[in-house]
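Engineer: one predicted model, sequence on top.
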Protein chains: 2
Amino acid sequence: MYDGLKGFKDFYPREMAAHREVIDTVEGAARRYGFREVETPRLERAEMWTDKSGDEIVDELYAFEDKGGRMVTLAPELTPTVARMVVAKQQALSKPIKWMSTRPFWRYEAVQQGRFREFYQTNVDIFGSSEPDADAEILAFAADALVDLGLDAADFEFRVSHRDVLGTVLSEYGDDVDTREAIRAVDKRAKVEENEYLGLLADAGLSYDDARQFDDLLVAGEDDLDELVAFSDAVEPAVDNLRAVLDAAEDFGVREYCDLSLTTARGLDYYTGVVFECFDSAGEVGRSVFGGGRYDDLIEDFGGQPTPAVGVAPGVMNSTLPLLLQRAGVWPEEELSTDYYVLQVGDTRPVAARVARDLRTAGHVVETDVSGRSFGAQMGYADSINADTVVIVGEQDLENDEVTIKDMASGDQTTAPVDDFPGDREKPTYDDYA
Amino acid sequence: MYDGLKGFKDFYPREMAAHREVIDTVEGAARRYGFREVETPRLERAEMWTDKSGDEIVDELYAFEDKGGRMVTLAPELTPTVARMVVAKQQALSKPIKWMSTRPFWRYEAVQQGRFREFYQTNVDIFGSSEPDADAEILAFAADALVDLGLDAADFEFRVSHRDVLGTVLSEYGDDVDTREAIRAVDKRAKVEENEYLGLLADAGLSYDDARQFDDLLVAGEDDLDELVAFSDAVEPAVDNLRAVLDAAEDFGVREYCDLSLTTARGLDYYTGVVFECFDSAGEVGRSVFGGGRYDDLIEDFGGQPTPAVGVAPGVMNSTLPLLLQRAGVWPEEELSTDYYVLQVGDTRPVAARVARDLRTAGHVVETDVSGRSFGAQMGYADSINADTVVIVGEQDLENDEVTIKDMASGDQTTAPVDDFPGDREKPTYDDYA
């Protein structure tokens, strides 16, 4: 007997039915905004990550040398892949480019609740617009997807921040400050003790007093962005952009889900403008549920024409979003559904098969016996798959040119003329013949 | 600029829209038969393949040592994974177990037309029935899927064979015959010269005369299975089983797609009973399109209770099936579709956003400007995404409390009261307001 790998999960039908509903809902919201599905390789050249993040990132990747001697990796995220695809067809693609796709990603890391080594995301991205409307459309899609899943404004919040606001404020503390390092410190603010946080800011080149002031400024700025402009005029363009995104979110009907949160920073280095993270408003799901933001430099870094970009990636399986849906009591019911079970008694296969075929042609989910089992065993199986209606095709009934129709909810049954079942009814039930 | 890996393919939206239609059609057929979706790890322990096929199979796998020192591999097929899953929950699962899933697989091999290193299959399997009805249901699903895709009996054929028929006939030639080796030779029959084929049979332990006679017998058996029984009574149970499957296929309405073809063998070792391969009847697609068959021993080999099984795996992307659909002229049109483009002229975003939102709430695919572009640029974009209707929200119109509705097919346009668009119409068009 073999085991699956740790951090990887098998999804059996009942559990998968719930996940399928979640994925279809999230993708449905994206499709309504005109995001178009792409499909992408699971394996990529490892240098797509090591060139930017250094060789040490390999420790977190499923990377290996392939038979052609190339270092390759199971992709830990989609963004570099879609960036590569945009660069490859830049001239042919009409902008804005609006793409989405659902697939697994992999990272080699410690396994914990809601954190797996193989996890599934629906990535949604816009390339080719630097306008605040594009950022806001990403927020609007994400909010619509969560509302479609049954959540409301009391369940979740998008903590919205801005990399350029943080970066410009930080650059006011002098050339010695490592902005990228300091932003990584901000990203850790909620996860570590205050002293450690201030220490990380010190490592990034801020004096203790400056670190204190910087943090106070972020908190004050959350109440009133003008505090930041008062600190330095240089930060005004970024603040204006952040405000414009929130104004667009207002027009798009999703401002209520957005909280200004300058201490939100997002871990990845490539973000440039607005960033946001979705959190459980009830606080039960302790970590960020998912996040997104603007990454205007990545396409150019990959050798393409300068192309602004913004995106978000809700995790749909082996991730935190299912935990939030369960916490809020809106996780889809894990039930199989079956329209008809066609039960055979005796040597009735030709008729039973014809009935099953007609019902399938009408689009219904229909099972019938493929195991030569008894009446009782078939009825038990029909119950186990939650069949709405059982059509009993028995030798005795057939002598009278009839079949028996059993409603599984009530247990009621009646007969129907075999030549008139299903007839031209769209979805014949017990009631049609009783 | 980075390249994708050879043998891996990026799917852009237009091409993906066609593939999505194919996948949805194949999965839809499976769902109507009551196959339930499962989701499965992409990475598995390599021993799931090396234990059975030997270490040399690693040459064809994307296998590597993970950071925990385990030999792991990107799965080249689903069957061992679902077998592992059946074994893990054998007691809890009610039988028959009917599973399906669509996902990529990987093999390291030479790249050629229709053959990629990453390829996508929809796997459909029944566990727990040894009855011919189960084999026939797999054939029926596969035929329904192809017919739903637009093919007919002139386009494709299922070449149906039987491993036990081949094996029993071979065993009549004495204990020195390596049955597995000889069946692999039969699998190569159509792909190599006659002399090479006979040489392979000789390698498997058949004398030249026996090899000739064996091959003649297979050909004669295709015309009349009784020829095989006349050769040896021992083959009768297997012949009866093969006939019973074809009889069930007749009842299930798919016998017309099935040709008896004893020289079809399938390459994989684990098959035990009926096997079949789908071919292009016009012969333009030279290779097998996909195949399936019965593998009754695998679950037990994996440490489970003896559990008969039968399945099929149409390749839906990076595979041969798309070539057949293209050859037959039924490949889905590669077009994007968009219900509405909401065009903004001037400072009209609040109203345009409200209109877009209302149309999305009704379930439509709606794009609007997120790039601050001109009237002409927006109209060009609306055309590029095949918008059915453009709703022009202009400052001038709004002064009259109107929007303009443009039918993109005819070019006709009219105005509608802004407060009455979309109103309570399900899908308002030009005709509703003209």
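Structural biologist: Received it, and whenever you're ready, just let me know what you need.
Engineer: and the contacts of the helix or strand where A:Leu325 lies?
Structural biologist: According to DSSP states H and E, A:Leu325 maps onto helix A:320-327. Contacts to helix A:320-327, defined as Cβ atoms under 8 Å, 6 or more residues apart in numbering or on different chains, come from residues A:19, A:22, A:113-115, A:149-151, A:155-156, A:280, A:282, A:284-285, A:287-290, A:314-316, A:331. C-betas here are computed from N, CA, C, even on glycine.
Engineer: please redo it, this time with the cut-off set to 10 Å
Structural biologist: Helix A:320-327 is contacted by residues A:15, A:18-19, A:22, A:26, A:113-115, A:119-122, A:145-146, A:149-151, A:155-156, A:278-290, A:314-316, A:330-332 when judged by Cβ atoms under 10 Å, 6 or more residues apart in numbering or on different chains.
Engineer: what sits closest to the residue of the stretch 151-300 of chain A found nearest chain B if chain neighbours are left out?
Structural biologist: Going by Cβ to the nearest Cβ, chain B is nearest to A:Asp251 of the stretch 151-300 of chain A, at 4.4 Å. Leaving aside its sequence neighbours, A:Asp251 sits nearest to B:Ala353 (Cβ to Cβ, 6 or more residues apart in numbering or on different chains; 4.4 Å).
Engineer: and if you look at A:Arg20?
Structural biologist: Closest to A:Arg20 by Cβ to Cβ, 6+ apart is B:Glu37, at 5.9 Å.
Engineer: and that neighbour, how many neighbours does it have?
Structural biologist: Residue neighbour count, defined by other Cβ atoms under 10 Å in any protein chain shown, stands at 18 for B:Glu37.
Engineer: what bridges to the residue of the stretch 51-200 of chain A found nearest chain B?
Structural biologist: Nearest residue of the stretch 51-200 of chain A to chain B, counting by Cβ to the nearest Cβ: A:Phe64, 3.5 Å away. Here A:Phe64 sits in beta bridges with A:Val72, as judged by DSSP bridges.
Engineer: show me what from the stretch 151-300 of chain A comes close to chain B.
Structural biologist: Contact residues (Cβ under 10 Å from any Cβ of the partner chain) of the stretch 151-300 of chain A with chain B: A:247-254.
Engineer: okay if I get these as TSV plus secondary structure, pLDDT and distance to B:Lys427?
Structural biologist: Output for those, formatted as TSV (DSSP: H, G, I helix; E, B strand; the rest coil; pLDDT from 0 to 100; distance: Cβ to Cβ, whole Å):
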residue	secondary structure	pLDDT	distance to B:Lys427
A:Asp247	helix	98	31
A:Ala248	helix	98	27
A:Ala249	helix	98	27
A:Glu250	helix	98	28
A:Asp251	helix	97	24
A:Phe252	coil	97	22
A:Gly253	coil	97	21
A:Val254	coil	97	24
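Engineer: for A:Tyr433, which non-adjacent residue is closest in space?
Structural biologist: Here the residue nearest A:Tyr433, using Cβ to Cβ, 6+ apart, is A:Ala416, at 4.2 Å.
Engineer: hmm, A:Gly423 and that neighbour touching each other?
Structural biologist: Yes - judged on Cβ atoms under 10 Å, A:Ala416 makes contact with A:Gly423 at a distance of 8.5 Å.
Engineer: what about those two, which has more around it?
Structural biologist: Neighbour count, other Cβ under 10 Å: between A:Ala416 and A:Gly423, A:Ala416 has more, with 22 against 12.
Engineer: for A:Asn400, see how far away that one is.
Structural biologist: Relative to A:Asn400, A:Ala416 is positioned 11 Å away (Cβ to Cβ, to the nearest Å).
Engineer: same check, this time on A:Tyr33
Structural biologist: For A:Tyr33, the distance to A:Asn400 equals 57 Å [Cβ to Cβ].
Engineer: the more surrounded of those two?
Structural biologist: Neighbour tally, A:Tyr33 and A:Asn400, criterion other Cβ under 10 Å: the higher count belongs to A:Tyr33, 23 against 10.
Engineer: contacting residues for that one?
Structural biologist: Contacts for A:Tyr33 were tallied using Cβ under 10 Å, 6+ apart; they are A:98, A:100, A:124, A:126, A:137-138, A:140-141, A:144-145, B:356, B:360, B:365-368, B:370.
Engineer: can you tell me the element A:Lys406 falls in?
Structural biologist: A:Lys406 is part of strand A:402-407 when elements are defined by DSSP H and E.
Engineer: can you give the contact residues for the next helix or strand after that strand?
Structural biologist: Proceeding N to C from strand A:402-407, the next assigned helix or strand is strand A:413-417, under DSSP H and E. With contacts defined as Cβ under 10 Å, 6+ apart, strand A:413-417 is touched by A:389-392, A:397, A:400-407, A:421-423, A:425, A:428, A:430-434.
Engineer: any quick PyMOL command for the buried ones out of those?
Structural biologist: Buried members of the contacts of strand A:413-417, defined by 16 or more other Cβ atoms under 10 Å in any protein chain shown, are picked up in PyMOL with:
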select buried, chain A and resi 389+390+391+392+397+402+403+404+405+406+407+421+422+428+430+433
